[in-house]
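> Sequence below, structure please.
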Amino acid sequence: MNDSEPTIVAFLCNWCTFTAADLAGTSRLEYPQNVRIVRMMCSGMVDPMYVIKSFIGGADGVLIGGCWPGDCHYINGNMKVRRRVALLKKMLDTFGIGEDRLWLKWIAASEGNMFAETVEQMTQHLGKLGPSPFRLNRIV
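Numbers count the residues shown, from 1 in each chain. Now for the predicted structure:
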C-alpha cells in the first residue's frame with residue numbers, strides 16, 4: 001500500500017461479513033489492499049470508542065460490516081450498531097471528520113463479491129475526500 005491510498009479500518013461480524021471477506025480472498029477477487037480487518041463476534045459489539053480511536057490513529061475511513069437485518073446470530077446486534085452509527089455520524093461531523101467516512105454495510109457470508117465492491121467503492125470515495133484530518137497521527 002502506498003501513502004496516497006486511504007486507510008480503512010473494518011470491524012467485521014464473524015458470522016457474515018468476515019466470512020464474506022474470507023470468501024473474497026479464497027475466490028481471488030481483487031480489491032484494494034488498504035483495508036485493516038478487525039474480526040468481531042457481532043457488529044453490535046463494536047464500541048463507539050473503537051471507531052473514534054481508529055480515526056484518531058489516522059484511519060481515513062471506518063467500515064462496519066454486519067449481518068442483514070433479521071439474520072443476526074445474536075438476535076438484534078445489527079440493530080444496536082445501526083443506532084450507534086447514527087449517533088457516531090453526528091459526533092464525527094462535530095469533530096470535523098465528516099460522517100461520510102464511516103460506513104455501515106450489511107454483507108452476508110455468501111456475498112464475497114459485495115465485500116470486494118464495498119471496499120473498492122469506499123476507497124474511491126475516500127480518495128475524493130482526501131486524507132483524514134488526523135492522518136498525521138497514523139498508527140494503523
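> Around Phe95, count how many other residues there are.
Neighbourhood size, Phe95 [other CB atoms under 10 Å]: 13. Using the backbone N, CA and C atoms, a C-beta is placed for each residue, glycine as well.
> For it, which residues are in contact?
Phe95 sits next to Phe55 when contact means CB atoms under 8 Å, 6 or more residues apart in numbering.
> measure it to Arg101 for me?
Distance, Phe95 to Arg101, by CB to CB, to the nearest Å: 10 Å.
> so what sits against both of these two?
Phe55.
> Surely Ser27 touches Glu111?
No. The pair Ser27 / Glu111 is not scored as a contact, 11.1 Å apart, by CB atoms under 8 Å.
> Name the residue in these two with the higher neighbour count.
Glu111 (20 against 10).
> so what's the backbone phi/psi at the residue at minimal distance from the centre of the chain?
With distances taken as CA atoms, centre = their mean, Leu63 lies nearest the centre of the chain, 1.0 Å away. Backbone torsions of Leu63, given as degrees, to the nearest 10, read phi -110, psi 130.
> Equivalent analysis for Asp60, please.
Note on Asp60: backbone dihedrals following degrees, to the nearest 10 are phi -80, psi -20.
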